[in-house]
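Peer 1: quick one, structure for this:
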Amino acid sequence: MNVVSSAVSLTVTDPAASSRFFTTHLGFREVVVGEDFVELGRDDAAVDLVLVRRDLERHGAGPGPTDVIVSFAVTGITAEYERLRNEAGGVTVTLRQEPWGELVVRLTDPNGVAVQLTEWVPPAGT
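Peer 2: Prediction:
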C-alpha cells in the first residue's frame, strides 16, 4: 500500500464558520465547497481537513468533536502565537513549554474543534 494523501474529516454544526477560521488564521485554502461540506488544503505537509455539516440522522445529536485535537507541528510558534493573539485567533491555551521540550499553543474554532500547534525545542542541557 502507498498512501498518496490524507485527510481528517470533522463533523461540525457550521462548516463555513470552521472554514473561515482555518483559512483566516491557519493558512488553509478551500479546495472543494459543497452544500454540506468544505474541504481545506495547504501546500505544505499539513493533512487536508474535510468539514462536514452535522446530520442528526447520520451523526446523532452529540456535542461535536469532543476530545478530538487536530495537531500541527510547526516552526516559528512564538511568532504564530503573537499573530493569533493579535488577530483574536481563538487561543484557548496560551504558549507554554512542556517539561520534555515541546512548545504548545491551543486554539478552538467556532464549532469547538481544538487545534494544537507544537514546536519541538530541546530541553536545556541536552
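
Peer 1: hey, where'd the helices end up in the chain?
Peer 2: Here the chain has its helices, by DSSP state H, at 15-25, 56-59, 77-86.

Peer 1: what residues of the last one count as buried?
Peer 2: Within helix 77-86, the residues that qualify as buried are 77, 80-81, 84, counting by 16 or more other CB atoms under 10 Å. The C-beta positions use only the backbone N, C-alpha and C, and glycine is treated the same way.

Peer 1: what about residue 79, distance to residue 103?
Peer 2: 11 Å (CB to CB, to the nearest Å).

Peer 1: just the residues contacting stretch 72-86, thanks.
Peer 2: With CB atoms under 8 Å, 6 or more residues apart in numbering as the test, stretch 72-86 has contacts from 25-26, 46, 89-91, 94-95, 103, 105, 107, 115-120.

Peer 1: repeat the analysis, applying 10 Å as the threshold.
Peer 2: Contacts to stretch 72-86, defined as CB atoms under 10 Å, 6 or more residues apart in numbering, come from residues 25-27, 42, 44-47, 89-91, 94-96, 102-105, 107, 115-121.

Peer 1: now, which of those lie within strands?
Peer 2: If you go by DSSP state E, the contacts of stretch 72-86 have 91, 94-96, 102-105, 107, 115-120 in strands.

Peer 1: if any of the residues you listed are buried, put those into a PyMOL selection.
Peer 2: Entered in PyMOL, the line below selects the buried ones among the ones in strands among the contacts of stretch 72-86, by 16+ other CB under 10 Å:
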select buried, resi 91+95+102+103+104+105+107+115+116+117+118+119
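
Peer 1: contacts only, for the residue nearest to residue 25 when sequence neighbours are not counted.
Peer 2: Nearest residue to residue 25, sequence neighbours excluded (CB to CB, 6 or more residues apart in numbering): residue 89, at 4.1 Å. Residue 89 makes contact with 21, 24-26, 80-81, 83, 105, 107-109, 115, according to CB under 10 Å, 6+ apart.

Peer 1: mean pLDDT for the helices of the chain - can I get that in TSV?
Peer 2: Output for the helices of the chain, formatted as TSV (pLDDT from 0 to 100):
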stretch	mean pLDDT
helix 15-25	96
helix 56-59	51
helix 77-86	95
